[in-house]
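Participant: Sequence and computational prediction follow.
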Amino acid sequence: MNIDELPREAALQLVGRLKQGRNVVFGAGFFSVGRESWVSGAEQVLSDIEVTGDSVVRFIRGDYGVGKTNFAARLFEKALLRGWAGAYIELSDNVMLHEFHQVFAQVCDKLYLPEQLDYSNGISIRPGGACGALESFYKRTRAAIGLGPGADLSTSARTDILCRVNSLLHHSHIFGDFAAAVRLYFEGRLDGIQEHRLLAERWFRADPDARILGVLRPVTRLNGKDHLRSLSALLCNLGYGGTLIIIDELERIMEESRIRRRKSYTILRELIDNVDGENGMKRCCLYAAAPPGQYESTTGFIEVDALASRIQAPVLVHGPTDYTAAIVDLDSAPLSIEHQVKLAKNIRCLHGRARQWNGNKTLNDAALVSLVKEINSKRTLGRLRVRELCIELVAALEGAHANA
């Protein structure tokens, strides 16, 4: 889909987010430019994972406003288009890495499925979640055994579906509480017991009260990583290409106490060491985004030597940039003036779709070039931030539209 095919509602939402300087997760591909080599490198990583079945942890490094979230959003959209499931989460006071069950809950709750990538109703797309993936499998299985929507479920059909679920879990090497939660969801769905289905949903959200004595124990910070491994294996065997997990705002870790910081960094190190396809997660790519301070501060990654050595291995021989390396360094690839002008043209086209007018008549290409150069000249302290550029461009277009 190109901008001319984008529904006006979606275009208006994108313009509104750019005007306010808000993060754009869905729809970033309609206006984003530059960093093509890094984007291609990221796609190569996804392609490699699809072949090997292994998993990796990568890091997005960039100063505030340089475009970390935009890069993550572009990758997020590309992963969904490849048939991957993806979750985009931000660390906060309620989602802390050292409390890993909170991360697991966010991944399960904010999981997007490729079939959801539809802009016909705007860019405010609700995540399907882990249970959405189970529901999709349930509907496909019903159709596969000849049951249409609303058709009665016979005893033999119920047994058939449960056998398929058990076979899926066995093939995925999923056992214990995670398997019990999956079965509970399907049993509740098959038997029409909403309480069981809702209980399974609560378990995936790491609700400590979502338990059935002797059968289902809650997700905790101690078993959260094991359950995330099970989730990645489940999604692969449900037919998705892989699982992309993007964790933003990693710099929040530096604000924690020393004990909590070290726990968080240890978890990151464990994820790096244990995401291989055999003993860890299955076809999973985890991106962690943070500013340079996270890599350089004494309270950052270097606080734990074992983690720092895995992220920033010394380069003994300098050659061409490896765009599939562990760190995506956006500060090393700032947007050139040419890229900024191309970005301005994309936003002008997007704004034209949103406001249903031809902005080219008021702000033609020459005017956009002059505007971009003027914005750069007035940015006296450091490098121009992409977010600031977008805000300025939308403001200029809004003013031109109002006076057209």
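Facilitator: Looks like it came in fine.

Participant: give the contact list for the residue nearest to Arg269 when sequence neighbours are not counted.
Facilitator: Leaving aside its chain neighbours, Arg269 sits nearest to Leu307 (4.3 Å; criterion: Cβ to Cβ, 6 or more residues apart in numbering). Backbone N, C-alpha and C define where each C-beta goes, glycine included. If you count contacts by Cβ atoms under 8 Å, 6 or more residues apart in numbering, Leu307 has them with 265-266, 268-269, 272, 301.

Participant: 10 Å instead?
Facilitator: Going by Cβ atoms under 10 Å, 6 or more residues apart in numbering, Leu307 touches 262, 264-273, 300-301.

Participant: So for it, what pLDDT did the model give?
Facilitator: We have a pLDDT of 88 for Leu307.

Participant: That one should be in a strand, yeah?
Facilitator: No: secondary structure of Leu307 (DSSP: H, G, I helix; E, B strand; the rest coil): helix, not part of a strand.

Participant: low pLDDT regions in the stretch 151-300 of the chain?
Facilitator: 212-215, 275-279 (pLDDT under 70).

Participant: and Thr321, how many residues sit next to it?
Facilitator: Using other Cβ atoms under 10 Å, Thr321 has 13 other residues around it.

Participant: Let's have the contacts of Leu307 in CSV, adding distance to Arg221.
Facilitator: Below are the contacts of Leu307 laid out as CSV (distance: Cβ to Cβ, whole Å):
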residue, distance to Arg221
Arg262, 14
Ser264, 11
Tyr265, 15
Thr266, 12
Ile267, 9
Leu268, 14
Arg269, 16
Glu270, 12
Leu271, 14
Ile272, 18
Asp273, 18
Gly300, 22
Phe301, 21
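
Participant: Keep only those of those residues that are in helices.
Facilitator: Applying DSSP state H to the contacts of Leu307, the entries found in helices are 262, 264-273.

Participant: Buried ones among those residues?
Facilitator: 262, 264-265, 267-269, 271-272 (16 or more other Cβ atoms under 10 Å).

Participant: wait, what's in contact with the residue nearest to the spatial centre of the chain?
Facilitator: In the chain, the centroid-proximal residue (Cα atoms, centre = their mean) is Tyr88; its distance is 3.2 Å. Contacts for Tyr88 (Cβ under 10 Å, 6+ apart) come out as 23, 25-26, 69, 72-73, 75-76, 106-107, 110-112, 127, 244-248, 287, 289.

Participant: one more time with 6 Å, if that's ok
Facilitator: By Cβ atoms under 6 Å, 6 or more residues apart in numbering, the residues touching Tyr88 are 25, 76, 246.

Participant: same question, Ile145
Facilitator: Contacts for Ile145 (Cβ under 6 Å, 6+ apart) come out as 157, 160.

Participant: how much space between it and Cys163?
Facilitator: According to Cβ to Cβ, to the nearest Å, Ile145 and Cys163 sit 11 Å apart.

Participant: Met1 too?
Facilitator: Counting by Cβ to Cβ - Met1 and Cys163 are separated by 40 Å.

Participant: Looking at the two, which is more packed in?
Facilitator: The neighbour count for Met1 versus Cys163, taken as other Cβ under 10 Å, is higher for Met1 (14 against 10).

Participant: Could you verify that Val328 is part of a helix?
Facilitator: No: with three-state DSSP as the criterion, Val328 is located in strand rather than a helix.

Participant: which residue packs closest to it, ignoring adjacent ones?
Facilitator: Ile60 (4.7 Å).

Participant: residue ranges for the helices of the stretch 101-250 of the chain, please.
Facilitator: Under the criterion DSSP state H, counting those that start in this stretch, helices of the stretch 101-250 of the chain are mapped to 129-144, 155-171, 176-191, 194-204, 224-237.

Participant: Can you tell me which of the ones you listed is nearest to Gly359?
Facilitator: With Cβ to Cβ as the criterion, Gly359 lies closest to helix 129-144 of these, at 38.5 Å.

Participant: relative to helix 176-191, how tilted is that closest one?
Facilitator: 50 degrees (axes from the mean of the first three to the mean of the last three Cα atoms, to 10 degrees).

Participant: so for helix 129-144, what's the average pLDDT?
Facilitator: Taken as a whole, helix 129-144 carries a mean pLDDT of 93.

Participant: looking at it, Leu216 is touching Ala179, isn't it?
Facilitator: No: judged on Cβ atoms under 6 Å, Leu216 makes no contact with Ala179 at a distance of 10.1 Å.

Participant: sec struct for the residue nearest to Val328, please.
Facilitator: strand.

Participant: For it, list the residues it contacts.
Facilitator: 68, 287, 289, 328.

Participant: thought the last one was touching Val39?
Facilitator: By that I understand Val328. No: if you go by Cβ under 6 Å, Val328 and Val39 don't touch, sitting 9.3 Å apart.

Participant: More neighbours: those two, which one.
Facilitator: It is Val328, of Val328 and Val39, that has more neighbours when counted by other Cβ under 10 Å, with 26 against 18.

Participant: Is Arg58 bridged to anything, and to what?
Facilitator: Applying DSSP bridges to Arg58 yields these beta-bridge partners: Tyr287.

Participant: give me the number of residues near it?
Facilitator: Here the number of neighbours of Arg58 (other Cβ under 10 Å) works out to 21.

Participant: ok so the residue nearest to the centre of the chain is a strand residue?
Facilitator: Yes: under three-state DSSP, Tyr88 sits within a strand.

Participant: got a list of what the closest residue to it other than its chain neighbours touches?
Facilitator: Distances taken as Cβ to Cβ, 6+ apart place Ile246 nearest to Tyr88, at 4.7 Å, with adjacent residues excluded. Taking Cβ under 6 Å, 6+ apart as the contact definition, Ile246 lies against 72, 88, 287.

Participant: hmm, try it at 8 Å
Facilitator: With contact set as Cβ under 8 Å, 6+ apart, Ile246 has these partners: 72, 75-76, 86-89, 286-287, 289.

Participant: Do a quick rundown of the strands in the stretch 1-150 of the chain.
Facilitator: 56-61, 85-90, 111-112 (DSSP state E, counting those that start in this stretch).
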